[in-house]
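**Q** Sharing a model prediction with you, sequence too.
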Amino acid sequence: MSEKEEKEEAGETRMQEIENELKDLKLKCSDLEAELKKEKLEVLAAKELISLDTLFSLEFLGAWVFVLWCSDVLVCSFVLGVLVLVLVLGVVRLIFLNLKLEFGFTFFMCSGRFVFRFPNECHLRSASRDLGPISNC
């Protein structure tokens with residue numbers, strides 16, 4: 001064989017090797033494209049899942065804000081009720097202090113009944129009758 005034929009044969013062999021490498025690369029490329037599409041679908045599904053989770057968490061957060069707002073309304077109502085009660089009791093106490101100053105006796109609770117205390121004696125009175133003096137006043 002001549003040198004020219006050897007070069008042609010070597011060139012053809014090299015060309016065949018390059019074509020085989022090109023086919024292998026094309027197969028790898030198509031495999032990588034398929035894997036990329038699969039991963040894109042997985043990422044898209046994950047994004048949709050995250051958006052649903054975000055939506056649910058926002059709904060949950062909104063529910064908590066509503067619950068806390070309602071509880072704040074209840075707490076504020078309770079505090080307002082307590083303040084009104086304290087105010088009413090303060091007014092009642094002032095009335096009783098005025099009664100003490102004007103009439104010389106005081107009201108206080110003793111065993112669930114009102115007790116009138118006069119300057120020198122102690123009497124328990126009910127609406128119907130006088131129960132007599134109280135020794136522990």
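**A** Looks like it arrived, so ask away. Numbering: from 1, shown residues only.

**Q** where do the helices sit along the chain?
**A** 3-103 (DSSP state H).

**Q** mind showing which ranges of it have poor pLDDT?
**A** The model of the chain has pLDDT under 70 over residues 1, 49-65, 67-68, 72-73, 94-137.

**Q** Try it again at 50.
**A** Where the chain drops to pLDDT under 50, the residues are 102-110, 112, 119-130, 135-137.

**Q** got the contact list for S71?
**A** For S71, the contact set (Cβ atoms under 8 Å, 6 or more residues apart in numbering) is empty. C-beta: built from backbone N, CA, C; applies to glycine.

**Q** now it: how far from G81?
**A** 15 Å (Cβ to Cβ, to the nearest Å).

**Q** swap in T13?
**A** From T13 to G81 the distance is 99 Å (Cβ to Cβ).

**Q** Then K4?
**A** K4 is 112 Å from G81, by Cβ to Cβ.

**Q** ok, now I18?
**A** 91 Å.

**Q** And for E9?
**A** For E9 relative to G81 (Cβ to Cβ), the value is 106 Å.

**Q** And K40, by the same measure?
**A** 61 Å.

**Q** ditto for V43
**A** 56 Å.

**Q** now do E6
**A** Using Cβ to Cβ, E6 is found at 109 Å from G81.

**Q** Tabulate the CA atom coordinates of stretch 33-45 in CSV.
**A** The C-alpha coordinates for stretch 33-45 follow below in CSV (Å, rounded to 0.1, in the frame of the first residue of the first chain):
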residue,chain,number,x,y,z
GLU,A,33,-32.4,16.8,27.5
ALA,A,34,-34.8,14.2,28.7
GLU,A,35,-33.4,14.5,32.2
LEU,A,36,-33.5,18.3,32.1
LYS,A,37,-37.2,18.1,31.1
LYS,A,38,-37.9,15.7,33.9
GLU,A,39,-36.1,18.0,36.4
LYS,A,40,-38.0,21.0,35.0
LEU,A,41,-41.3,19.2,35.6
GLU,A,42,-40.2,18.4,39.1
VAL,A,43,-39.2,22.0,39.8
LEU,A,44,-42.5,23.2,38.4
ALA,A,45,-44.4,20.7,40.6
